[in-house]
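J.: please find the sequence and the predicted model below.
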Amino acid sequence: MRELLRRLKNHPFITIELTLASFFVNFLGLASSLYVIQLLNRYVSHGVDATLFTLTIGVCIAILLEFGFRIARSSLALYIGAKRNYDLMVGTFGILTNGKMRYLDRIPQRLRQEIIKGTNTIEDAYKPANITTVFDLPFAFMFIAVLTWLSWVLSLITLLFMLLIFILGIVSRKMVKNNLQKVTEISVKGNGLFGTANQALDTVRLFDNSQFMVKEWGKNCDLFLEKRAKVSTQQDIIQSITRSSQSLMSVAIYAAGAILAVKGDLTVGTLIGANILAMRAIGPISRFAQLGEPFTMAAQALERVEQFGLIETEKQGGIALTNYQGRIQFKDIAFSYTGMSYNLFQSLDLEILPGAVLVVTGENGTGKTTLCRLIAGLIEPDKGQILADGIDLRQLSPSWWRSQLTCLPQDTHFFQGSIRENLEAAIPLNIGEIEAQSNQASSSFILNQAIKDAGLLNFIDQSKQGIDTPIINNGENLSTGHRKRLALARALTVGGKLVLFDEPTEGLDKKGCATIYSLLVELSKKGHTMIVFTQDPNIIRGATRILDLNSKPVPKLIIADNRPIVAGDKTAVSDNRALESR
């Protein structure tokens, strides 16, 4: 309900219109009850056809007007939540795409997926039908007021049953709350199992994981069905009690009314009309009682979304250097992930001059990819500074800084779209300025050159749809080698001065590796500052400067004669011939 009040508060004038529309809907709803009373008391008693005609025409007009106000009210209720739903959906997705990675890394992927799906749960809970049900609640007492005018005894009976059903609604919400929370937790785990099985079909079969996966899925299904059954049972009990209460109310109304009719205090027509009024009065209460589950699920989803929304996002502004030269410097850098009892590396103190080449090596888990992410500004060090041409990365505009990077990450991920769309999206936004200076630097030229340099030209030429070939499910429809080459082409479209290649030859055949080697040499000759994170012996063998992350906690810098130097010596890496001697 807190969320509903927030939505209403954001649209005060529409809330007033919604209230007025609800008044007219319920006021016109009195027509059917009064029609029955007048029909039985006047027409049946006297048989005047004009009376029947007038009453029937009148109630039909009232029903049509009620219908019109219901449609108008639904439109208002839809509008009152539209912007809020949009803000939640787009805002949550914005946190996912712009939130600081250090915080997002702490949230499991499946839970992030559940949080995004939660915005749909919230939207569904506050749909027009549910909002109008809440607005109908206070007008139930309008029917009670009319019923009191007819018979205070029947009014009292109706009030007692309304109170009973309202209490049942509150109780049902409390009953299902804990079970619904557990259902969500089990669902998150189940989504993880499904994702693994769905994305790793070959692996499941190759390593005979089928029985294990089915067993785990069975456990998850058993828990899910158990908790879901409890929720369903509780809801069925509440709904059954509600329906039975409505039936018992009718029995009580007719029984008490019959006694009053026999005494001459009530006519038969008034008794039947009073029962219709009682059912109209209790209707909103009954419908509201059934909103326990959607409102509870929405409240839980909103809590997760709001917590997610507290994640700090990357700044949108910042410094953008006029001409980045390619110098990168580490000053006493230390980093550890949450939960680690030690630093992944510390006291990293190193300067890489423009045009220099540095190879970073180390076993899996030593921090190669982490260091690459630090340089890209995806995460921040626990201690120290990373400087680009003397400016702390934290002062730079993140979007500008990444436009200075020719970055090939170890993991290749793409968005749903064509090869062209994935490559064009990587072109820096200032391409218009570049085009104004040189017609050759058009986006088409950039794409074609990147595709050629990445060794992707033959694949595109042989594909039926060429550069418009769709990328499905993060590129799973492409081979590992083609995904790697596509990621390389994407990196080259950026054309940044600083080259970051993380395990560039991993997953490539001999020809693909040769493409990488040649490209590294070519980029080095063009004066790009290069940092290559790799275990490839061919690249390491040709390097004149190697940063060894196997040395813990302080990395070692190894120069050409293999003499280890502690990185804290601040030795500048300035030899750009590292890869030419490979």
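T.: That came in fine, so what should we check first?
J.: tell me where the stretch 51-200 of the chain has strands.
T.: Here the stretch 51-200 of the chain has no strands by DSSP state E, counting those that start in this stretch.
J.: low-confidence ranges, it, go.
T.: For the stretch 51-200 of the chain, residues meeting the criterion pLDDT under 70 lie at 176-177, 195-200.
J.: may I have stretch 118-131 exported as CSV, CA atoms only?
T.: Provided in CSV are the C-alpha atoms of stretch 118-131 (Å, rounded to 0.1, in the frame of the first residue of the first chain):
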residue,chain,number,x,y,z
GLY,A,118,10.6,-8.0,-10.1
THR,A,119,9.6,-4.7,-11.8
ASN,A,120,7.1,-6.8,-13.9
THR,A,121,5.7,-8.2,-10.6
ILE,A,122,5.2,-4.6,-9.3
GLU,A,123,3.6,-3.5,-12.5
ASP,A,124,1.2,-6.5,-12.4
ALA,A,125,0.2,-5.8,-8.7
TYR,A,126,-0.7,-2.2,-9.4
LYS,A,127,-2.6,-2.7,-12.6
PRO,A,128,-5.8,-0.7,-13.1
ALA,A,129,-8.2,-3.5,-11.8
ASN,A,130,-6.3,-3.7,-8.5
ILE,A,131,-6.1,0.1,-8.1
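J.: can you list the residues that contact it?
T.: The contact list for stretch 118-131, computed with CB atoms under 8 Å, 6 or more residues apart in numbering, reads 3-4, 7, 18, 73-75, 77-78, 80-81, 84-85, 88-89, 92, 291, 294-295, 297-298, 300-302, 304-305. Quick note: C-beta positions are derived from backbone N, CA and C, even for glycine.
J.: next, the buried residues of that stretch.
T.: For stretch 118-131, burial by neighbour count (16 or more other CB atoms under 10 Å) applies to 118-119, 121-123, 125-126, 128, 130-131.
J.: report the central residue of this protein.
T.: With distances taken as CA atoms, centre = their mean, the residue of the chain nearest its centroid is Ile116 (2.3 Å).
J.: among the contacts of stretch 118-131, the buried ones, what's the ChimeraX command?
T.: Remark: buried members of the contacts of stretch 118-131, expressed as a ChimeraX selection using 16+ other CB under 10 Å:
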select :3,4,7,18,73,74,77,80,81,84,85,88,89,92,291,294,295,297,298,300,301,302,304,305
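J.: which ones among the contacts of stretch 118-131 map onto helices?
T.: Using DSSP state H, the subset of these located in helices is 3-4, 7, 18, 73-75, 77-78, 80-81, 84-85, 88-89, 92, 294-295, 297-298, 300-302, 304-305.
J.: do you know how far His482 is from Thr412?
T.: Distance of His482 to Thr412, given as CB to CB, to the nearest Å: 10 Å.
J.: and the strand or helix carrying Gly481, average pLDDT?
T.: In the assignment (DSSP states H and E), Gly481 maps to helix 480-494. Averaging pLDDT along helix 480-494 yields 89.
J.: pull out the buried residues from it.
T.: By 16+ other CB under 10 Å, the buried positions in helix 480-494 come out as 481-494.
J.: check which element follows it along the chain.
T.: strand 498-502.
J.: show me what that next one is in contact with.
T.: With contacts defined as CB under 8 Å, 6+ apart, strand 498-502 is touched by 324, 326, 328, 368-369, 372, 375-376, 388, 404-410, 491, 516, 520, 523, 528-534.
J.: average pLDDT for it, rounded please.
T.: Averaged across strand 498-502, the pLDDT comes to 94.
J.: between it and helix 480-494, how many degrees?
T.: On the basis of axes from the mean of the first three to the mean of the last three CA atoms, to 10 degrees, strand 498-502 is oriented at 170 degrees to helix 480-494.
J.: where are the low-confidence patches of the stretch 351-500 of the chain?
T.: By pLDDT under 70, the low-scoring segments of the stretch 351-500 of the chain are 429-441.
J.: what about the helices in it?
T.: Secondary structure of the stretch 351-500 of the chain, counting by DSSP state H, counting those that start in this stretch: helices at 368-375, 398-402, 419-424, 431-437, 443-453, 457-462, 480-494.
J.: which strands and helices sit next to the fifth one?
T.: For helix 443-453, the helices and strands in contact under the criterion 3 or more CB pairs under 8 Å, 6 or more residues apart in numbering; DSSP states H and E are helix 419-424, helix 431-437, helix 480-494.
J.: distance to Lys189 added to those, as JSON lines?
T.: Converted to JSON lines, the helices and strands packed on helix 443-453 look like this (distance: least, CB to CB, whole Å):
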{"stretch": "helix 419-424", "distance to Lys189": "32"}
{"stretch": "helix 431-437", "distance to Lys189": "45"}
{"stretch": "helix 480-494", "distance to Lys189": "29"}
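J.: ok, which of those helices comes nearest Gln246?
T.: helix 419-424 (56.6 Å; CB to CB).
J.: what's in contact with the closest one?
T.: Residues from elsewhere that reach helix 419-424 (CB under 8 Å, 6+ apart): 414-415, 443, 447, 450-451, 460, 467-469, 471, 486, 489-490, 493.
J.: Thr361: which of those is nearest?
T.: Comparing those against Thr361 with CB to CB places Arg490 closest, at 24.5 Å.
J.: the closest one reaches Ile427, doesn't it?
T.: No. Assessed by CB atoms under 8 Å, Arg490 is found out of contact with Ile427, at 9.6 Å.
J.: which residue ranges of the stretch 451-582 of the chain form strands?
T.: 470-471, 498-502, 529-533, 545-548, 556-559, 564-566, 572-573.
J.: deepest-packed of those, please.
T.: Each of the strands of the stretch 451-582 of the chain was scored by mean neighbour count; the highest is strand 529-533, a mean of 26, by mean count of other CB atoms under 10 Å.
J.: pairing partners for the helix or strand harbouring Leu350, with directions?
T.: According to DSSP H and E, Leu350 maps onto strand 345-352. Partner strands and pairing direction for strand 345-352 (DSSP bridges) are strand 328-335 (antiparallel), strand 572-573 (parallel).
J.: could I get the helices of the stretch 351-500 of the chain in a markdown table, plus columns for distance to Asp265?
T.: Shown next, in a markdown table, are those (distance: least, CB to CB, whole Å):
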| stretch | distance to Asp265 |
| --- | --- |
| helix 368-375 | 83 |
| helix 398-402 | 79 |
| helix 419-424 | 78 |
| helix 431-437 | 86 |
| helix 443-453 | 87 |
| helix 457-462 | 90 |
| helix 480-494 | 85 |
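J.: so which of those gets nearest Phe67?
T.: Among the helices of the stretch 351-500 of the chain, helix 419-424 sits nearest to Phe67 (CB to CB), with 46.9 Å.
J.: what residues of the closest one count as buried?
T.: Under the neighbour-count criterion of 16+ other CB under 10 Å, helix 419-424 has 419-420, 422-424 buried.
J.: and stretch 324-332, by the same measure?
T.: Buried residues in stretch 324-332, counted by 16+ other CB under 10 Å: 324-331.
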